[in-house]
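**Q** Coordinates only, no sequence provided:
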């Protein structure tokens with residue numbers, strides 16, 4: 001059994017939730033003795049110029065396994081950006097615009113030629129994430145050997161007719177949660193596709209030291225933590241707006257601490273004294289991230305579009321509860337199943353949840369412990385790796 005994971009970009013230290021998930025899957029499968037390879041373009045990462053080959057073409061080693069890199073095709077970024085703007089703003093696009101969008105995003109003819117010519121050498125190809133050219137064009141070459149790991153969100157891209165045509169023909173589709181599976185089955189006809197919910201593996205031997213974080217960053221006041229990419233796609237602007245409204249309504253020492261990449265400026269209407277209570281630390285070392293989780297009052301994950309949420313799991317492992325958005329079915333389900341946190345849908349509910357965590361610290365600790373047990377019981381890498389192996393072996397019979 002030989003499995004090829006096909007992804008737009010890959011490296012040992014690449015940032016991003018989907019990228020971290022693939023790194024974990026591949027490295028743990030390799031450690032379990034599975035013959036696995038990575039097939040990727042030469043682009044560095046998601047935030048890089050998709051016209052530039054950062055890495056040289058050829059074979060390398062990443063995640064302890066062979067990675068084969070292929071040069072990217074030059075794109076018409078102007079045309080792509082116009083269509084992408086529509087999709088990002090939920091403006092309908094035509095079937096032809098969909099075709100152009102897929103043609104002008106990340107693509108590598110050399111990669112597709114390799115898959116076409118070498119497909120007999122692989123038992124299966126796993127394509128991820130769903131919306132990139134490498135997945136759309138790749139799985140069309142050999143649908144009978146194709147498994148899609150979509151990392152699916154309820155967003156305009158997922159409703160494209162081209163995906164509705166291709167995905168019902170693949171061999172398998174893997175989801176990170178039951179909520180993501182329900183979305184996938186609403187969007188696509190998967191009657192003839194081998195569907196399974198496996199989830200995402202998580203390192204469970206992590207812990208944080210709140211005193212280390214407070215000493216290093218000089219933050220002694222209670223704070224809400226946001227960890228992740230800072231952009232509107234993650235709904236961070238809503239968290240900032242709600243926090244500012246809360247601070248205006250209730251004075252106190254509470255802070256909002258942001259960690260992670262991206263830039264999202266605090267709106268001008270936020271008063272200067274409240275802006276001082278919003279602390280953006282940018283990227284910090286991974287252990288500092290765990291320390292920040294353990295030092296927080298709770299972690300807030302406001303995103304509306306998640307197929308999993310590693311930071312939620314990390315917060316529980318670091319013994320802190322979570323607050324998630326009620327309109328994100330995935331994170332809401334996690335919070336309810338684990339009994340590890342609360343969820344909000346508007347400012348009134350957000351403020352009520354913050355008040356609850358402030359005044360019920362013991363209950364917050366119980367939620368965090370519930371969440372920790374939930375992660376250990378369901379998402380240890382040993383559990384997830386076995387599920388992947390069992391699934392692949394079933395398809396390869």
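**A** Looks like it came in fine. A quick note: this is a predicted structure, and the numbers were derived from the prediction, not measured.

**Q** Tell me where the stretch 151-300 of the chain has strands.
**A** For the stretch 151-300 of the chain, the strands defined by DSSP state E, counting those that start in this stretch occupy 172-175, 194-197, 223-227, 255-259, 278-282, 298-301.

**Q** Would you map out the domains in this protein?
**A** Domain ranges of the chain: 2-201+380-396, 210-378, per automatic domain parsing.

**Q** Dump those to a markdown table, plus mean neighbour count and mean pLDDT.
**A** Bear in mind the C-beta positions are built from the backbone N, C-alpha and C, glycine included. Below are those laid out as a markdown table (neighbours: other Cβ atoms under 10 Å; pLDDT from 0 to 100):
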| stretch | mean neighbour count | mean pLDDT |
| --- | --- | --- |
| domain 2-201+380-396 | 18 | 95 |
| domain 210-378 | 19 | 94 |
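
**Q** For the closest residue to residue 228 other than its chain neighbours, give its distance to residue 301.
**A** Once flanking residues are discounted, residue 228 sits nearest to residue 260: 4.8 Å by Cβ to Cβ, 6 or more residues apart in numbering. According to Cβ to Cβ, to the nearest Å, residue 260 and residue 301 sit 12 Å apart.

**Q** anything in contact with each of those two?
**A** 226, 228 (Cβ atoms under 8 Å, 6 or more residues apart in numbering).

**Q** Surely the residue nearest to residue 228 is in contact with residue 225?
**A** No - with contact defined as Cβ atoms under 8 Å, residue 260 does not reach residue 225; the gap is 10.4 Å.

**Q** can you tell me how far residue 14 sits from residue 31?
**A** Counting by Cβ to Cβ - residue 14 and residue 31 are separated by 19 Å.

**Q** helices or strands up against the longest helix along the chain?
**A** For the chain, the longest helix by residue count, based on DSSP state H, is helix 361-378. For helix 361-378, the packing partners by 3 or more Cβ pairs under 8 Å, 6 or more residues apart in numbering; DSSP states H and E come out as helix 310-317, helix 329-338, strand 341-344.

**Q** at 6 Å what do you get?
**A** helix 310-317, helix 329-338 (3 or more Cβ pairs under 6 Å, 6 or more residues apart in numbering; DSSP states H and E).

**Q** how about those helices, which one is nearest residue 185?
**A** helix 329-338 (13.1 Å; Cβ to Cβ).

**Q** Please give the centre-to-centre distance between stretch 390-397 and its chain.
**A** 26 Å (Cα atoms, centre = their mean, to the nearest Å).

**Q** Just the residues contacting that stretch, thanks.
**A** The contact list for stretch 390-397 (Cβ atoms under 6 Å, 6 or more residues apart in numbering) reads 1, 123, 172, 196.

**Q** contacting residues for the second one?
**A** What that stands for is residue 123. By Cβ under 6 Å, 6+ apart, the neighbours of residue 123 are 1, 2, 396.

**Q** Sitting in helices, which of those do you find?
**A** Counting by DSSP H, these contribute residue 396 to helices.

**Q** Adding distance to residue 319, write the contacts of residue 123 out as a markdown table.
**A** Below are the contacts of residue 123 laid out as a markdown table (distance: Cβ to Cβ, whole Å):
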| residue | distance to residue 319 |
| --- | --- |
| 1 | 39 |
| 2 | 41 |
| 396 | 41 |
